[in-house]
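Colleague: Build me a structure from this.
(chains A and B)
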Amino acid sequence: GQQLNQSPQSMFIQEGEDVSMNCTSSSIFNTWLWYKQDPGEGPVLLIALYKAGELTSNGRLTAQFGITRKDSFLNISASIPSDVGIYFCAGPSGGSNYKLTFGKGTLLTVNP
Amino acid sequence: DTEVTQTPKHLVMGMTNKKSLKCEQHMGHRAMYWYKQKAKKPPELMFVYSYEKLSINESVPSRFSPECPNSSLLNLHLHALQPEDSALYLCASSQEPGSNEKLFFGSGTQLSVL
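Modeller: Down below sits the predicted model:
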(Lines give C-alpha, C1' and ligand atoms only; values in the text may rest on other atoms or scores of the structure.)
Protein backbone atom coordinates (compact mmCIF):
# COMPACT_ATOMS: atom_id res chain seq x y z
CA GLY A 1 0.00 0.00 0.00
CA GLN A 2 0.92 3.64 -0.13
CA GLN A 3 3.34 4.91 2.50
CA LEU A 4 4.10 8.36 3.80
CA ASN A 5 7.62 9.18 4.92
CA GLN A 6 7.47 11.88 7.54
CA SER A 7 10.51 13.72 8.85
CA PRO A 8 12.01 14.57 11.14
CA GLN A 9 10.95 11.92 13.63
CA SER A 10 11.43 14.34 16.53
CA MET A 11 12.48 17.93 17.12
CA PHE A 12 13.67 19.81 20.19
CA ILE A 13 13.47 23.57 19.80
CA GLN A 14 13.50 26.74 21.85
CA GLU A 15 10.38 28.83 22.25
CA GLY A 16 10.18 31.43 19.51
CA GLU A 17 11.93 29.33 16.88
CA ASP A 18 10.34 28.35 13.59
CA VAL A 19 9.72 24.68 12.78
CA SER A 20 9.45 22.81 9.52
CA MET A 21 8.43 19.21 8.91
CA ASN A 22 7.54 17.35 5.75
CA CYS A 23 5.98 14.26 4.26
CA THR A 24 6.88 12.51 1.05
CA SER A 25 5.35 9.65 -0.85
CA SER A 26 6.26 7.51 -3.84
CA SER A 27 2.63 7.78 -4.96
CA ILE A 28 0.44 10.72 -5.85
CA PHE A 29 -1.97 11.99 -3.23
CA ASN A 30 -5.05 14.08 -4.01
CA THR A 31 -5.40 15.40 -0.49
CA TRP A 32 -2.96 16.17 2.28
CA LEU A 33 -4.11 16.56 5.86
CA TRP A 34 -2.03 17.72 8.83
CA TYR A 35 -3.08 16.71 12.34
CA LYS A 36 -1.74 17.49 15.80
CA GLN A 37 -2.17 15.08 18.69
CA ASP A 38 -1.71 15.86 22.37
CA PRO A 39 -0.97 13.00 24.80
CA GLY A 40 -4.10 10.98 25.58
CA GLU A 41 -6.21 12.92 23.09
CA GLY A 42 -7.38 12.33 19.55
CA PRO A 43 -5.73 13.96 16.53
CA VAL A 44 -7.00 17.46 15.76
CA LEU A 45 -7.10 18.60 12.15
CA LEU A 46 -4.87 21.62 11.57
CA ILE A 47 -4.87 22.14 7.81
CA ALA A 48 -6.37 20.38 4.78
CA LEU A 49 -4.88 20.76 1.29
CA TYR A 50 -6.72 19.73 -1.88
CA LYS A 51 -4.82 21.21 -4.81
CA ALA A 52 -1.24 20.83 -6.06
CA GLY A 53 0.75 23.94 -5.24
CA GLU A 54 -1.82 25.10 -2.68
CA LEU A 55 -0.39 27.10 0.23
CA THR A 56 -2.69 27.45 3.23
CA SER A 57 -2.25 29.17 6.58
CA ASN A 58 -3.96 28.69 9.92
CA GLY A 59 -2.59 31.25 12.37
CA ARG A 60 1.10 30.54 12.85
CA LEU A 61 0.83 27.36 10.78
CA THR A 62 1.45 27.20 7.05
CA ALA A 63 1.22 24.09 4.90
CA GLN A 64 1.82 23.48 1.22
CA PHE A 65 0.69 20.77 -1.18
CA GLY A 66 3.72 19.91 -3.31
CA ILE A 67 3.49 20.58 -7.03
CA THR A 68 4.29 16.93 -7.83
CA ARG A 69 1.47 15.85 -5.46
CA LYS A 70 3.96 13.57 -3.75
CA ASP A 71 4.93 15.77 -0.85
CA SER A 72 3.73 18.35 1.64
CA PHE A 73 5.32 20.45 4.34
CA LEU A 74 4.09 22.11 7.52
CA ASN A 75 5.74 25.18 9.02
CA ILE A 76 5.12 26.57 12.48
CA SER A 77 6.38 30.08 13.10
CA ALA A 78 7.36 31.58 16.46
CA SER A 79 6.75 28.35 18.40
CA ILE A 80 5.19 28.43 21.86
CA PRO A 81 5.09 25.75 24.57
CA SER A 82 1.56 24.64 23.67
CA ASP A 83 2.82 23.60 20.22
CA VAL A 84 4.24 20.51 21.92
CA GLY A 85 2.74 17.30 20.58
CA ILE A 86 2.91 14.81 17.74
CA TYR A 87 2.20 16.10 14.25
CA PHE A 88 0.92 13.65 11.63
CA CYS A 89 0.53 14.07 7.92
CA ALA A 90 -2.18 11.97 6.29
CA GLY A 91 -3.78 11.35 2.94
CA PRO A 92 -6.36 9.03 1.38
CA SER A 93 -4.77 5.89 0.07
CA GLY A 94 -5.27 2.69 -1.78
CA GLY A 95 -7.69 4.11 -4.34
CA SER A 96 -10.33 4.57 -1.66
CA ASN A 97 -10.93 7.81 0.09
CA TYR A 98 -12.32 5.95 3.07
CA LYS A 99 -8.85 5.04 4.25
CA LEU A 100 -6.31 7.51 5.48
CA THR A 101 -2.63 6.68 5.38
CA PHE A 102 -0.75 8.37 8.20
CA GLY A 103 2.88 9.33 8.40
CA LYS A 104 4.76 8.05 11.46
CA GLY A 105 4.57 11.45 13.10
CA THR A 106 6.93 14.20 14.22
CA LEU A 107 7.28 14.63 17.99
CA LEU A 108 7.80 18.30 18.76
CA THR A 109 9.23 19.49 22.07
CA VAL A 110 9.41 23.22 22.77
CA ASN A 111 11.66 24.42 25.58
CA PRO A 112 10.38 27.60 27.23
CA ASP B 1 -21.77 21.05 17.37
CA THR B 2 -18.47 20.09 15.74
CA GLU B 3 -17.44 17.36 18.12
CA VAL B 4 -17.04 13.64 18.12
CA THR B 5 -17.72 12.45 21.66
CA GLN B 6 -16.32 9.19 23.00
CA THR B 7 -17.09 7.40 26.25
CA PRO B 8 -15.61 6.23 28.47
CA LYS B 9 -12.37 8.20 28.49
CA HIS B 10 -10.53 5.38 30.25
CA LEU B 11 -11.38 1.69 30.58
CA VAL B 12 -9.67 -1.14 32.42
CA MET B 13 -10.96 -4.63 31.77
CA GLY B 14 -10.02 -8.21 32.36
CA MET B 15 -9.63 -10.74 29.60
CA THR B 16 -12.99 -12.36 30.40
CA ASN B 17 -14.97 -9.12 30.55
CA LYS B 18 -17.41 -7.74 28.01
CA LYS B 19 -17.43 -3.98 27.56
CA SER B 20 -18.51 -1.44 24.96
CA LEU B 21 -17.00 1.78 23.68
CA LYS B 22 -19.38 4.48 22.51
CA CYS B 23 -19.06 7.27 19.99
CA GLU B 24 -21.49 10.02 19.05
CA GLN B 25 -21.50 12.85 16.52
CA HIS B 26 -24.20 15.36 15.65
CA MET B 27 -22.59 16.92 12.59
CA GLY B 28 -24.75 14.94 10.16
CA HIS B 29 -21.71 12.99 9.00
CA ARG B 30 -22.51 9.81 7.10
CA ALA B 31 -19.21 7.99 7.56
CA MET B 32 -17.86 6.83 10.91
CA TYR B 33 -14.64 5.06 11.72
CA TRP B 34 -12.86 3.12 14.45
CA TYR B 35 -9.09 3.43 14.72
CA LYS B 36 -6.64 1.77 17.10
CA GLN B 37 -3.52 3.63 18.18
CA LYS B 38 -0.52 2.31 20.10
CA ALA B 39 1.73 4.75 21.96
CA LYS B 40 3.84 6.96 19.68
CA LYS B 41 2.46 5.27 16.56
CA PRO B 42 0.01 6.56 13.97
CA PRO B 43 -3.66 5.50 14.14
CA GLU B 44 -4.52 2.24 12.37
CA LEU B 45 -7.90 1.81 10.70
CA MET B 46 -10.14 -0.93 12.06
CA PHE B 47 -13.66 -0.36 10.65
CA VAL B 48 -15.54 2.04 8.41
CA TYR B 49 -19.30 2.56 8.44
CA SER B 50 -20.84 4.25 5.44
CA TYR B 51 -24.49 5.28 5.73
CA GLU B 52 -24.81 3.01 8.77
CA LYS B 53 -23.52 -0.04 6.91
CA LEU B 54 -20.16 -1.68 7.55
CA SER B 55 -18.08 -1.00 4.45
CA ILE B 56 -14.56 -1.82 5.60
CA ASN B 57 -13.25 -4.33 8.13
CA GLU B 58 -9.47 -4.30 8.17
CA SER B 59 -9.21 -7.98 9.14
CA VAL B 60 -9.93 -7.13 12.76
CA PRO B 61 -10.28 -10.12 15.15
CA SER B 62 -13.85 -11.06 16.00
CA ARG B 63 -13.32 -10.16 19.65
CA PHE B 64 -13.95 -6.60 18.37
CA SER B 65 -17.52 -6.18 17.15
CA PRO B 66 -18.68 -2.83 15.76
CA GLU B 67 -22.25 -1.63 15.65
CA CYS B 68 -23.89 1.45 14.15
CA PRO B 69 -27.38 1.81 15.68
CA ASN B 70 -28.08 5.04 13.78
CA SER B 71 -26.33 7.75 11.83
CA SER B 72 -25.11 9.52 14.97
CA LEU B 73 -23.91 6.60 17.03
CA LEU B 74 -21.12 4.07 16.71
CA ASN B 75 -20.29 1.36 19.23
CA LEU B 76 -17.40 -1.05 19.58
CA HIS B 77 -18.21 -4.17 21.60
CA LEU B 78 -15.26 -5.87 23.26
CA HIS B 79 -15.12 -9.46 24.43
CA ALA B 80 -12.29 -11.75 25.50
CA LEU B 81 -9.60 -9.20 24.72
CA GLN B 82 -5.89 -9.83 25.10
CA PRO B 83 -3.33 -7.62 26.88
CA GLU B 84 -1.88 -6.65 23.48
CA ASP B 85 -5.23 -5.04 22.66
CA SER B 86 -4.42 -2.30 25.16
CA ALA B 87 -4.34 0.94 23.17
CA LEU B 88 -6.09 4.24 22.51
CA TYR B 89 -9.28 3.59 20.52
CA LEU B 90 -10.30 6.52 18.38
CA CYS B 91 -13.62 7.17 16.72
CA ALA B 92 -13.77 9.51 13.74
CA SER B 93 -16.37 10.81 11.33
CA SER B 94 -16.44 12.50 7.95
CA GLN B 95 -19.23 14.25 6.08
CA GLU B 96 -19.33 11.75 3.26
CA PRO B 97 -17.63 8.42 2.68
CA GLY B 98 -15.59 7.91 -0.43
CA SER B 99 -14.65 11.57 -0.72
CA ASN B 100 -11.64 13.66 0.13
CA GLU B 101 -13.42 14.92 3.19
CA LYS B 102 -11.59 15.59 6.39
CA LEU B 103 -11.80 13.16 9.28
CA PHE B 104 -12.73 14.54 12.67
CA PHE B 105 -11.53 12.49 15.62
CA GLY B 106 -12.87 12.05 19.13
CA SER B 107 -10.63 12.20 22.19
CA GLY B 108 -10.40 8.44 22.34
CA THR B 109 -10.85 5.72 24.94
CA GLN B 110 -7.63 4.61 26.61
CA LEU B 111 -8.12 0.87 27.07
CA SER B 112 -6.06 -1.32 29.36
CA VAL B 113 -6.57 -5.09 29.27
CA LEU B 114 -5.25 -6.94 32.31
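Colleague: in the sheet, who's paired with the most centrally placed residue in chain B?
Modeller: Nearest residue to the geometric centre of chain B (C-alpha atoms, centre = their mean): B:W34, 2.9 Å. Note on B:W34: beta-bridge partners by DSSP bridges are B:F47, B:C91.
Colleague: how near is it to chain A?
Modeller: For B:W34, the distance to chain A equals 12 Å [C-beta to the nearest C-beta, to the nearest Å]. The C-beta positions use only the backbone N, C-alpha and C, and glycine is treated the same way.
Colleague: same thing with B:C23?
Modeller: Counting by C-beta to the nearest C-beta, the gap from B:C23 to chain A is 11 Å.
Colleague: Now do that residue: how many residues are near it, please.
Modeller: 26 (other C-beta atoms under 10 Å in any protein chain shown).
Colleague: Roughly how far does the nearest residue to A:T62 once chain neighbours are set aside sit from chain B?
Modeller: Closest residue to A:T62 apart from its sequence neighbours, by C-beta to C-beta, 6 or more residues apart in numbering or on different chains: A:N75 at 4.6 Å. Here A:N75 is placed at a distance of 20 Å from chain B (C-beta to the nearest C-beta).
Colleague: circling back to that earlier point, next one: the residue nearest to the centre of chain B, what pLDDT does it get?
Modeller: Per-residue pLDDT puts B:W34 at 97.
Colleague: next one: A:G94
Modeller: 59.
Colleague: Assess the claim that B:E96 and B:R30 are in contact.
Modeller: Yes. With contacts counted by C-beta atoms under 8 Å, B:E96 reaches B:R30, the gap being 5.8 Å.
Colleague: B:L81 touches B:P61, doesn't it?
Modeller: No. The pair B:L81 / B:P61 is not scored as a contact, 9.1 Å apart, by C-beta under 8 Å.
Colleague: if you count what's nearby, which of those two comes out ahead?
Modeller: The neighbour count for B:L81 versus B:P61, taken as other C-beta under 10 Å, is higher for B:L81 (22 against 11).
Colleague: which residue packs closest to the more buried one, ignoring adjacent ones?
Modeller: Closest to B:L81 by C-beta to C-beta, 6+ apart is B:V113, at 4.6 Å.
Colleague: re the thing from before, for the residue nearest to the centre of chain B, give me its contacts.
Modeller: By C-beta atoms under 8 Å, 6 or more residues apart in numbering or on different chains, B:W34 lies in contact with B:23, B:45-47, B:64, B:66, B:74, B:76, B:89-91.
Colleague: what's the lowest-pLDDT member of these?
Modeller: Lowest confidence among the contacts of B:W34: B:L45, with 92.
Colleague: in terms of contact, does it touch B:N57 like I think?
Modeller: No. B:L45 is beyond contact range of B:N57, at 9.7 Å (criterion: C-beta under 8 Å).
Colleague: which of these two has more neighbours?
Modeller: B:L45 (21 against 14).
Colleague: if I pick that one, what's in contact with it?
Modeller: A:99-100, B:33-35, B:56, B:58.
Colleague: at 7 Å instead, please
Modeller: Contacts for B:L45 (C-beta atoms under 7 Å, 6 or more residues apart in numbering or on different chains) come out as A:99, B:33, B:35, B:58.
Colleague: Hmm, the first one is touching A:S93, no?
Modeller: Yes. Taking C-beta atoms under 7 Å as the definition, A:K99 is a contact partner of A:S93 at 5.6 Å.
Colleague: Tell me which of those two has more neighbours.
Modeller: In terms of neighbours (other C-beta under 10 Å), A:S93 is the more surrounded of A:K99 and A:S93; the figures are 20 against 17.
Colleague: No further queries at this time; thank you.
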